[in-house]
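> Okay, sequence plus prediction incoming.
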Amino acid sequence: MNTSDRDNLLQKSNSRSEVWNYFGFLPDETGKPIDDGKPVCRECLTRIQAKGGNTSNLIKHLWTHPTSYAEYTKNQNHAALTGAQSHTGNPATSKSQPTIDSLFEKSKKYEATSKEAAVLNRAVAEFICLDQIPIYTVDRFGFKQLVKKLNSKYELPSRNFFMNNEIPKLYTETRGTIKAELEGSGFYSCTTDLWTSRTMQSYMAVTAQFITMHWQMQSWCLGCAELNSDHTAESISEAFSEMLEEQWGLNLHDLHDCNWIPCFGHNLDLAVHKGLNVDHVGSTLSRLRRTVSAFSRSAKLTRQLKSKQADLGVPQHKLIHDEPTRWGSACDMVERFLEQQQAVCAVLADNRNKWHLMPKDLDVTTMEALKNVLGHLRDFTDALSGEQHPTISSVLPLLWKTESILIASASDSQLSSRIKDCIRSDLQNRYNQKEIQTTLNCCTFLDPRFKDTFVSNVQEVEARFQQQVEKSLMHAIPSVKIPNQPNFGCPKSGLSGLLAGIMNEKRGATPCTTEDDVTVSAAEPQQKLRRELEIYNKIPETDARDDPLKWWRQNEGSFPVLSIFAKRYLCISATSCASERIFSLSGNICTPPRSRLTSHHLDMLVFLGKNLQQVKKLGT
């Protein structure tokens, strides 16, 4: 082989190594390289053994040519660097073969006591509690496969570990957080409700509502305790006191001056059911239920109803069956039937054996009267069911509106008038107790949106405040300066003037005075209260859409005594919806496959399911 053959050497096809730039193959008759496993060095024209594309001998031979070898090394490093950056955007790392130790490290599971395992155990426990997932999920094959795909180093513990270790630990930590919040509240109110599980075991749920020092409403589930006695007043009171005092260390004396307030939703429901029993209303609803049940149980009637709806151009809606515990469902049932009356009657007319389900003219007239009366009350059912804003101060305005709706008019039929009178009188009787009226008056008066607009006796409210200042609030009143003749820099009436005054306070402006300020110490609470009441009564009401707690947060410095009363009264809940929601959650936990849960475990799961998400928000 002579030097002229050097120019004829051909590059190896599909080569990826840089070393092939320094070796080649002789061409055949067609000009293609002869890959016989012995490439030729372009420097010395020596044939080197390289079967199967092996480059070890080539690199070893190239080392005998220092200049070419140095160039090869430089090109190889540059190619590796640019290749890594193009794929990852980061400097290239060494692509060395992994060691045996590193392979064992990747397959090694987390230690049970390691920090990584503890974090993942807590995440699984929170997943179970927040989403009401059955504990046995952690033993299911599918969930184990999911966890293994997410993190193969995590060994998922058994169900016993979560039920007996991790979830109780999470329960204890959550209780500690809530207890710290309660200790800083000062005043609180409670709601309670009873529930019977699938295993006929009675439980009592208790919630606590209070206003924080930053004027935010908080509602917490204190527990879902087993009730192993009859539902008498004594047994309920005993279980209630035990939970508040022994389990939570709360002072029941903070509740002694506040009497029991009935649930507005329950009172409205009971009053409406009184109206549903007037004259022949009950029998009409009973016949309507039979008609609706016939359609809901028969696939044939359902198909025929859809066909008639299409023929008559009636909306293709299903009939609605009422629920005994929800009067609104009776209203929905009546309205839906009146909407589908033509289609339903057409189906029944075509089925001779169903003629007895055909509504009579008197039934239709009765249903129209019910729709006219109940349709206006439907919005009030859930109006006061919130937990994050004051609701008790809205009871009197809603009662006033409800009673005005239920006043019979000249256009009402005799049946409509009797239904209205029955509902209105029953609802009034449920709020005619003196203590309940006084408490509701105090709550409404302390709401800057309403003040004395709906209060029946302002003097009685002020007397109640004076009595409580002398009795129990002297220690809570700070020593502040009350302006002798206040001037809030805005007119005494008008929303725009009030908003201007609020904006001035937000910017740090202080009320103007014409005389020297009067310093009232804690030893003079009556004088301080009288001055604050005088100022408060002169300020116009805020817009009904405003947040009363925001107003008190901005004006707390001007009304240090009244602000204490506001925290005391506005934290009261107008309904028991907070407790009822707990039992809705309990039903998701105590399902038929999980009906053997002990009362202790059920209490933990319900407590965490209700409170854990709110606790986690506090930590963010």
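Looks like it came in fine. Numbers count the residues shown, from 1 in each chain.
> Low-confidence bits of the protein, can you list those?
Where the chain drops to pLDDT under 70, the residues are 1-4, 35, 78-107, 254-258, 471-523, 620.
> quick one: the strands in it?
23-24, 40-41, 189-196, 202-211, 217-226, 480-482, 486-487, 512-513, 518-520 (DSSP state E).
> Relative to residue 147, which of the ones you listed is closest?
strand 217-226 (29.4 Å; Cβ to Cβ). (Glycine included, C-beta is placed from N, CA and C.)
> Neighbouring strands - and their directions - for that closest one?
Sheet pairing for strand 217-226, assigned by DSSP bridges, gives strand 202-211 (antiparallel).
> For the strands of the chain, please prepare JSON lines with the additional fields mean neighbour count and distance to residue 424.
Listed next are those as JSON lines, based on neighbours: other Cβ atoms under 10 Å; distance: least, Cβ to Cβ, whole Å:
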{"stretch": "strand 23-24", "mean neighbour count": "22", "distance to residue 424": "105"}
{"stretch": "strand 40-41", "mean neighbour count": "20", "distance to residue 424": "110"}
{"stretch": "strand 189-196", "mean neighbour count": "18", "distance to residue 424": "26"}
{"stretch": "strand 202-211", "mean neighbour count": "23", "distance to residue 424": "29"}
{"stretch": "strand 217-226", "mean neighbour count": "22", "distance to residue 424": "31"}
{"stretch": "strand 480-482", "mean neighbour count": "18", "distance to residue 424": "44"}
{"stretch": "strand 486-487", "mean neighbour count": "14", "distance to residue 424": "42"}
{"stretch": "strand 512-513", "mean neighbour count": "14", "distance to residue 424": "48"}
{"stretch": "strand 518-520", "mean neighbour count": "16", "distance to residue 424": "45"}
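> So which of those strands is nearest residue 319?
That would be strand 189-196 among the strands of the chain, by Cβ to Cβ, at 29.9 Å.
> domain parsing for the chain?
Domains of the chain are assigned by automatic domain parsing as 3-88, 114-233+583-620, 267-393, 433-569.
> Identify whichever of those domains lies nearest to residue 259.
Going by Cβ to Cβ, the one of the domains of the chain nearest residue 259 is domain 433-569, 4.5 Å.
> what sits up against stretch 43-51?
The contact list for stretch 43-51 (Cβ atoms under 8 Å, 6 or more residues apart in numbering) reads 1, 3, 5-6, 22-23, 37-41, 57-58, 61, 65, 68.
> at 7 Å what do you get?
1, 5-6, 22-23, 37-41, 57-58, 61, 65, 68 (Cβ atoms under 7 Å, 6 or more residues apart in numbering).
> Stretch 591-610 too?
Stretch 591-610 is contacted by residues 129-130, 132, 134, 163, 167-168, 170-171, 174, 198-199, 201, 221, 223-226, 582, 585-586, 589-590 when judged by Cβ under 7 Å, 6+ apart.
> Narrow those to just the buried residues.
The neighbour-count criterion (16 or more other Cβ atoms under 10 Å) marks 129, 132, 134, 163, 167, 170-171, 174, 221, 223-226, 582, 585-586, 589-590 among these as buried.
> coming back round to it: mind putting the strands of the chain into TSV with distance to residue 312?
Output for the strands of the chain, formatted as TSV (distance: least, Cβ to Cβ, whole Å):
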stretch	distance to residue 312
strand 23-24	90
strand 40-41	94
strand 189-196	44
strand 202-211	48
strand 217-226	48
strand 480-482	72
strand 486-487	68
strand 512-513	71
strand 518-520	75
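> Minimum distance to residue 543: which of those strands has it?
Closest approach to residue 543 among the strands of the chain (Cβ to Cβ): strand 217-226, 19.2 Å.
> chain center to the closest one, what's the gap?
15 Å (Cα atoms, centre = their mean, to the nearest Å).
> circling back: so which of the strands of the chain is nearest residue 262?
strand 189-196 (11.3 Å).
> That closest one vs strand 217-226, what angle?
Strand 189-196 and strand 217-226 are oriented at 30 degrees to each other (axes from the mean of the first three to the mean of the last three Cα atoms, to 10 degrees).
> Contacts for strand 189-196 next, please.
Where contact means Cβ under 7 Å, 6+ apart, the residues beyond strand 189-196 that reach it are 202-209, 227, 231, 240, 258, 571-573, 576, 578-580, 583, 586.
> burial measure for residue 21, as a count.
16 (other Cβ atoms under 10 Å).
> Now do the helices in the stretch 51-200 of the chain.
Ranges of helices within the stretch 51-200 of the chain are 56-62, 66-88, 100-107, 115-130, 141-150, 159-161, 167-183, based on DSSP state H, counting those that start in this stretch.
> Figure out which of those helices is closest to residue 329.
Short answer: helix 115-130, nearest of the helices of the stretch 51-200 of the chain by Cβ to Cβ, at 30.2 Å.
> Flag every buried residue along that closest one.
Going by 16+ other Cβ under 10 Å, helix 115-130 has these buried residues: 117, 120-121, 124-126, 128-129.
> Could you export it as PDB, CA atoms only?
What follows is helix 115-130, C-alpha atoms only, in PDB (Å, rounded to 0.1, in the frame of the first residue of the first chain):
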ATOM      1  CA  LYS A 115     -37.500  11.800  57.500                       C
ATOM      2  CA  GLU A 116     -38.500  10.900  54.000                       C
ATOM      3  CA  ALA A 117     -40.700   8.000  55.200                       C
ATOM      4  CA  ALA A 118     -42.300  10.300  57.900                       C
ATOM      5  CA  VAL A 119     -43.200  12.900  55.300                       C
ATOM      6  CA  LEU A 120     -44.800  10.400  53.000                       C
ATOM      7  CA  ASN A 121     -46.600   8.700  55.900                       C
ATOM      8  CA  ARG A 122     -48.200  12.000  56.800                       C
ATOM      9  CA  ALA A 123     -49.200  12.700  53.200                       C
ATOM     10  CA  VAL A 124     -51.000   9.300  53.000                       C
ATOM     11  CA  ALA A 125     -52.700   9.900  56.400                       C
ATOM     12  CA  GLU A 126     -53.900  13.400  55.300                       C
ATOM     13  CA  PHE A 127     -55.200  11.900  52.000                       C
ATOM     14  CA  ILE A 128     -57.200   9.400  53.900                       C
ATOM     15  CA  CYS A 129     -58.700  12.000  56.300                       C
ATOM     16  CA  LEU A 130     -59.300  14.900  53.900                       C
END
